[in-house]
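K.L.:
what would the 3D arrangement of this be:
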Amino acid sequence: MIALFFKQPYYGERGGKVGKAMLATGSAIFMGGLEQGLQDARRAVDILAALPEVDASHIGITGISMGAIQSATVCGMEPRIHKAFLTLGGFLSGLSAQAGGEPLPGTAHMVGVVADVEADGKTFHADFESVRGGQGRFKLTGIFPEIGRAGLGQGDYPWLIGAGKKTFCGTVEPVAGRTAATLINPQRLMKYRVAVGAFAGAGLSPEALKQYYTLQDAPGTNGGHRVTVTVDYKKVKGPLVLDFARDATPLAAEWAFGGTRGRARFTHWRLNAVADDSLFEAPSGLPRQDVREEDVQRMFAAAFEYAVEAAE
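P.N.:
Here you go, the predicted model:
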């Protein structure tokens, strides 16, 4: 077996005697190291794929602890990786995988969320399900604040439910291999993926971001765990409480940042659940209108960029 091994920036030989001290100086160094590590992994795939003795269709990745979290993130952005073996990813790595990790072939990551949020004197309710498969396939359906019942997804084609009355299907002028992700600003997409990795990494490398938060892990109910993250970063100040089952499955989240309070309950949570193509099809029962594929995908990309920008 042919393998290429490298370490994250500031770790081991790449950090020398000052690596850990550099990581502890603040979030900029830590986040920069995560982003560089993602690019290093992609260059590693370039090297392996160029070797005549390597079958490029069987390239895999593995990582332990923080490396497992980074490996899951790499799978979400590097389509040439076909298999992954991740070890000791920590409690928060499940959240990272659900948000950005690439599911195994023939499977999908699924989560159901019921949430209530209070902000600016108003109460908002959401009840939705997210399903993410490989190769850009996904489905997001449910009830959303100020929108009502809605949905969007990508199976054989992208589709969007408008105001719960009609399904717009992007079946006109399709382009093979194009997804909404290819239309998103690369820098904004990278920021999202780095943020996902940093969130999971916080549980494994607390010293890297210790000036912005404190992390406490306490026993929960029925043998589970309760993780309390107290954040003090710019305008985001307050506690985030995460409840996990014994097997590290997230159960609920509660937060209070400034004038915003909320609680979310996960009705179901599955990573790498067996899935087929029908799972990503548009719900039946609504009138449908065929439109240009690119128009629907650009709407997806615009919504994603708006969400990331708002979070920034």
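K.L.:
output the contacting helices and strands for the lengthiest helix in the chain.
P.N.:
Taking DSSP state H as the criterion, the chain has its longest helix at helix 27-50. In this structure, helix 27-50 makes packing contacts with helix 19-23, helix 66-75, helix 186-202, judged by 3 or more CB pairs under 8 Å, 6 or more residues apart in numbering; DSSP states H and E. Glycine gets a C-beta too; all of them are placed from N, C-alpha and C.
K.L.:
and the strands in this protein, which stretches?
P.N.:
Assigned by DSSP state E, the strands in the chain fall at 60-64, 83-87, 107-119, 122-133, 138-144, 148-154, 158-162, 166-172, 213-219, 225-233, 236-244, 250-257, 260-274, 288-292.
K.L.:
quick check: pLDDT value at Arg80.
P.N.:
Listed pLDDT for Arg80 reads 91.
K.L.:
sorry, slip of the keys, the one I care about is Val194.
P.N.:
Note on Val194: pLDDT of 66.
K.L.:
poorly predicted segments of the protein, please.
P.N.:
Counting by pLDDT under 70, the ranges of the chain that qualify are 20, 23-28, 30, 64-66, 69, 86-97, 100-101, 163-164, 193-212, 310-312.
K.L.:
and with 50 instead?
P.N.:
By pLDDT under 50, the weakly predicted segments of the chain are 88.
K.L.:
how about residues contacting stretch 118-134?
P.N.:
98, 102-105, 107-117, 138-146, 153, 259-262, 275, 279-280 (CB atoms under 8 Å, 6 or more residues apart in numbering).
K.L.:
which among these end up buried?
P.N.:
Those of the contacts of stretch 118-134 that meet the buried threshold are 98, 102-104, 107-115, 117, 138-142, 144, 153, 262, 275, 279-280, by 16 or more other CB atoms under 10 Å.
K.L.:
burial check on the residue nearest to Pro9 when sequence neighbours are not counted, number of neighbours?
P.N.:
The spatial neighbour of Pro9 that comes closest, neighbours along the chain excluded (CB to CB, 6 or more residues apart in numbering), is Gly33 at 4.0 Å. Using other CB atoms under 10 Å, Gly33 is surrounded by 26 other residues.
K.L.:
cool, and Glu173?
P.N.:
Residues near Glu173, counting by other CB under 10 Å, number 10.
K.L.:
wait, isn't it in contact with Asp295?
P.N.:
No. If you go by CB atoms under 8 Å, Glu173 and Asp295 don't touch, sitting 9.2 Å apart.
K.L.:
ok, now how distant is Ala256 from Phe266?
P.N.:
19 Å (CB to CB, to the nearest Å).
K.L.:
more neighbours, those two?
P.N.:
Legend: neighbour count by other CB under 10 Å for Ala256 and Phe266, higher for Phe266 (18 against 15).
K.L.:
burial measure for the closest residue to that one other than its chain neighbours, as a count.
P.N.:
If the residues on either side of it in the chain are set aside, Phe266 comes closest to Pro250, at 5.4 Å by CB to CB, 6+ apart. When neighbours are defined as other CB under 10 Å, Pro250 has 21 of them.
K.L.:
what bridges to Pro250?
P.N.:
Phe244 (DSSP bridges).
K.L.:
my read is that Ser71 contacts Met77, right?
P.N.:
No. Using CB under 8 Å, Ser71 makes no contact with Met77, being 11.4 Å away.
K.L.:
which one's more surrounded, these two?
P.N.:
Using other CB under 10 Å, the more surrounded residue of Ser71 and Met77 is Ser71, with 25 against 17.
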